[in-house]
Every structure is written in C-alpha cells, then in structure tokens.
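*Asks:* Provided below are the primary sequence and the corresponding predicted coordinates.
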Amino acid sequence: MKDLYGRLMIDINGKNLSEEDKFIISNKHVGGLILFSRNFESFEQLQNLISEINSIKENIVIAVDQEGGRVQRFKNEFLLIPSMQEISLYAKKNDDMEIFSDLAWLVSSELMAVGIDINFAPVLDVDEKTSSIIGDRAFSNSVSEVIAYTSKYIDGMHDAGMKSTGKHFPGHGGVYEDSHLHLPIDNRSKEDLITSDIKPYIELKDKLDIVMCGHILFPEIDPNIPSFSSAWIKDILKKELNYQGLIISDDLSMKGANGENCSIKTRDSFQAGCDMVIICNNRDEVKKVLSFLDDIKIEPISNISKMKKTKDVNWDNLQSNQRALNIKDKLNNIRS
C-alpha cells in the first residue's frame, strides 16, 4: 500500500541506478535510500537520479548527511556550509541566534528542491574535546549551548518543511574512537549522562521528529549498544524521556555495531524498538537482510511516512530569495 514504508534504508554505489539497484529498491522492505558524495555530480544529475528512484517507488524516503564542515555530501552548486562550531562562534561574537534557524531553513530548502526528504541533522553530541569523529560537528562543548543552538536549527528545518533528526543518541562526544572503525566504550554512569550528553534529548524531545541511535557501548547501563538495547530505547528514551517520535539506527555495517551478521543486528534493532535500520556499503548483506525479513515476517509500517518532506521548493526561486541571500552574506563573512 502507498502509505506503508519498508523498514530498511540502503545506499547505491553510483550516480545512476543499476538494474540491481532498481530491483532492490522495488523490494517491499526498502523504505529509504541514503545518498553520499559518490552519488553526486551536479544539481541536474542528482534531481534526475532522485526522480528515477521515485518513479520506481513513491513510498521511499530519500536521505543525506548534509551537516556542514567535514560532513557535506553535496557541494558545487549547493551552499558550502561551515562547521557548526564555526557557526556557533559567529553567533556568539555577533549575538546572532537567528543564524541557526536561517541556515537550517536554507540547507533544508536546497535539499528539498532537488528531491531530498530528510537531512540527518542536527548533531546533538556535546563536544567533550576527546572524540576523533565528532569534534567540530558538534555545535558546542557546552550542554546549554548545544540545546539553545540546535533548538533554533530545528526551528529552521521545520519552517522549511523538513523533519529533524537528533543524533547520535545517547551521545558520541565523550569517547575518542570512531564508531565507523571501532566500538567506542563510555564508562560513565547514567546519572552523569543525564546531566550531560542526554540533556539535549530531554530538553528537545518535543521538537525532535527522529532520533538516531549511536554505536557506543555504555557498560554501566546495558551490555548492548543503544540500537540493540530495549533498556536504552524502550525504558530510557521512550518511557523516562517520554520521546514520541521515530527511532532509527545508525549504519549497521559500521564496526561499532558489534554483533553477528546484519540480519541478526536488524532483528535485534527492531526488537529493541527501532522503527528503521540503515545498512550501507555492503550490498551482499542487504540482500541477505531482505530475505531474512521475509523469513521473520517483518512488514512495512506507516510511521516511516512521517520522515517525508512536507513542502516542494523551486530551486530557481530559492536563488533569489532574500532570506537565502542574507544567510549567504553571513557565511561569506565567516569565511573571510
């Protein structure tokens, strides 16, 4: 049915769809597709790619990580986005909190104009000055500033017509290891985390549409990483924090997603309370998971539809929009 979405988000290798891509996208379990720099050449090429994806399946969410700084998949014709810590320094120096909402509005609008539904942002991690992967992706090393700045950022996303994603729950900023390559271990207690890394999720729970679980182990709280942990998802995030939105895993092919094969990790994520899981850079595992989901009788759900963009944006009109021109001027000042 049109309003039902598969619970698996996948990737593709190239700038065009292969026959295998088309076949896999049409599978009922595929409800999302995340794009990377390797999939981008130009606005026109990207627009055509997304149009072709949507011609194969309407009930699919097209996603990207377009945070800014080190993590920006589309450049060239798109806005070149400084890191969020650079934006934060400018905001403090110039007493300009509106830069966060204006920037989020423009980034979201550009993405929606090309057909993207969701930008996995903002990063809610607190920069503890220890992480090799978060660093200036975080808005600040201050919990209160992270809350204030990301709250304004979410306002801008919503104003544009895009849903927000808080990541990486419950917090990735306090560990050195990169969870793409290793399993980070954070030995802090739940009490410590509640007043630090988890605090943004407490304060912003009513604004967040999606929470992405990070691949970090907190042995003082649960022997499983959050994506596989009902203690983290059902007990803490849903019951204690009273979070009502969608929950997705980070990429299950990352080294931090320790465990057995992706089929078992997918099952464990769904049992723990994830609505959707992401599997990238491993097409063989994707194929196995698709078959496995049939075996364990996992069916598409309607909740995923909430990730879709709610407005259509005209790219040409956006280029002459005064709000867009104003934020571009501010970014030029930051770079100069």
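*Replies:* Cool, got the structure.
*Asks:* ok, then the element right after the helix or strand encompassing Q47?
*Replies:* Element membership of Q47 [criterion: DSSP states H and E] is helix 43-56. Sequence order places strand 61-64 as the next helix or strand after helix 43-56, per DSSP H and E.
*Asks:* and that following strand, which strands flank it?
*Replies:* strand 30-35 (parallel), strand 118-119 (parallel) (DSSP bridges).
*Asks:* and the longest one, how far out from the chain's middle?
*Replies:* The gap between the average C-alpha position of strand 30-35 and the chain average comes to 12 Å, counting by Cα atoms, centre = their mean, to the nearest Å.
*Asks:* residues in contact with the spatially most central residue of the chain?
*Replies:* Compute the mean C-alpha point of the chain, and by Cα atoms, centre = their mean the closest residue is F120, 2.3 Å away. Taking Cβ atoms under 8 Å, 6 or more residues apart in numbering, we find F120 in contact with 34, 63-65, 67, 165, 167, 210, 212. C-beta coordinates here come from the backbone N, C-alpha and C atoms, glycine included.
*Asks:* then N314?
*Replies:* Counting by Cβ under 8 Å, 6+ apart, N314 has contacts A113.
*Asks:* and it, how far is that from L79?
*Replies:* Using Cβ to Cβ, to the nearest Å, one gets 16 Å for the distance from N314 to L79.
*Asks:* alpha carbons of stretch 123-130, as CSV, please.
*Replies:* Below are the C-alpha coordinates for stretch 123-130, written out as CSV (Å, rounded to 0.1, in the frame of the first residue of the first chain):
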residue,chain,number,x,y,z
VAL,A,123,24.1,16.7,15.7
LEU,A,124,23.2,16.8,19.4
ASP,A,125,26.5,15.4,20.7
VAL,A,126,28.4,17.6,23.2
ASP,A,127,32.0,18.1,22.1
GLU,A,128,33.9,16.8,25.1
LYS,A,129,37.2,17.5,23.2
THR,A,130,38.0,13.8,23.1
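*Asks:* show me the contact partners of it.
*Replies:* 67, 84-85, 131, 134-143, 146, 150, 166-169, 171-176, 196-197, 200-201, 204.
*Asks:* now that stretch, how far from the centre of its chain.
*Replies:* 16 Å.
*Asks:* low-confidence ranges in the stretch 101-250 of the chain?
*Replies:* Scanning the stretch 101-250 of the chain for pLDDT under 70 picks out the ranges 132, 176.
*Asks:* what about the strands in it?
*Replies:* Per DSSP state E, counting those that start in this stretch, the stretch 101-250 of the chain carries strands over the ranges 118-119, 165-169, 210-213, 246-251.
*Asks:* which one of those lies nearest to E19?
*Replies:* Minimum separation from E19 across the strands of the stretch 101-250 of the chain (Cβ to Cβ) falls at strand 246-251, 24.4 Å.
*Asks:* go through whichever helix or strand comes after the closest one and flag the buried ones.
*Replies:* Once the chain leaves strand 246-251, the next helix or strand it forms, by DSSP H and E, is helix 262-272. Buried residues in helix 262-272, counting neighbours by 16 or more other Cβ atoms under 10 Å, are found at 262-263, 265-270, 272.
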